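Visitor: coords below, sequence missing:
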């Protein structure tokens, strides 16, 4: 879980930097606020999952983090397609977010298999 915790934290820092750029330099406030909310929620949910009350609670928190991660990828794509994000920033963050999404999916599946929920 520590890889996921570290990656999601670093991703949140990158999202915060993009938010600062978008809200400062580009004066974009609405979409960038959505990106900030979903992009930083991932790491917070991963941390919550580490303190889950049960395995099912653990799965639930990671599932919400997975949804937030997918939503973050949506906002990144929307910001890129509307010319607010540079291509290199978009590609870097999309790659990073996609890696986190795969780790989340894999973690959820692993725990579900152990619980016999698949």
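Guide: Perfect, thanks for sending it. Note that this is a predicted model, so its numbers are computed, not measured. Numbering: from 1, shown residues only.
Visitor: Neighbours of residue 104, how many?
Guide: By other C-beta atoms under 10 Å, the residues close to residue 104 number 26. Every residue, glycine included, has its C-beta placed from N, CA and C.
Visitor: ditto for residue 46
Guide: Number of residues near residue 46 (other C-beta under 10 Å) recorded here: 26.
Visitor: ok, now residue 12?
Guide: As a measure of burial, residue 12 has 19 neighbours, counting by other C-beta under 10 Å.
Visitor: Next: residue 26.
Guide: 13.
Visitor: Assign a three-state SS to it, would you?
Guide: With DSSP: H, G, I helix; E, B strand; the rest coil as the basis, the three-state label of residue 26 is coil.
Visitor: quick one: the nearest residue to it once chain neighbours are set aside from residue 103, how far?
Guide: For residue 26, ignoring the flanking residues on the chain, the nearest one in space by C-beta to C-beta, 6 or more residues apart in numbering is residue 84 at 5.7 Å. According to C-beta to C-beta, to the nearest Å, residue 84 stands 27 Å off from residue 103.
Visitor: longest helix of the protein?
Guide: When the chain is scanned for its longest helix (criterion: DSSP state H), the result is helix 87-115.
Visitor: So which bits of that helix are buried?
Guide: Buried residues in helix 87-115, counted by 16 or more other C-beta atoms under 10 Å: 89-90, 93-94, 96-97, 100-101, 103-104, 107-108, 111.
Visitor: Dump these to a markdown table, plus pLDDT and distance to residue 76.
Guide: Rendered in a markdown table, the data for the buried residues of helix 87-115 read as follows (pLDDT from 0 to 100; distance: C-beta to C-beta, whole Å):
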| residue | pLDDT | distance to residue 76 |
| --- | --- | --- |
| 89 | 98 | 9 |
| 90 | 98 | 6 |
| 93 | 99 | 5 |
| 94 | 99 | 6 |
| 96 | 98 | 10 |
| 97 | 99 | 7 |
| 100 | 99 | 12 |
| 101 | 99 | 12 |
| 103 | 98 | 18 |
| 104 | 98 | 16 |
| 107 | 96 | 22 |
| 108 | 97 | 22 |
| 111 | 94 | 27 |
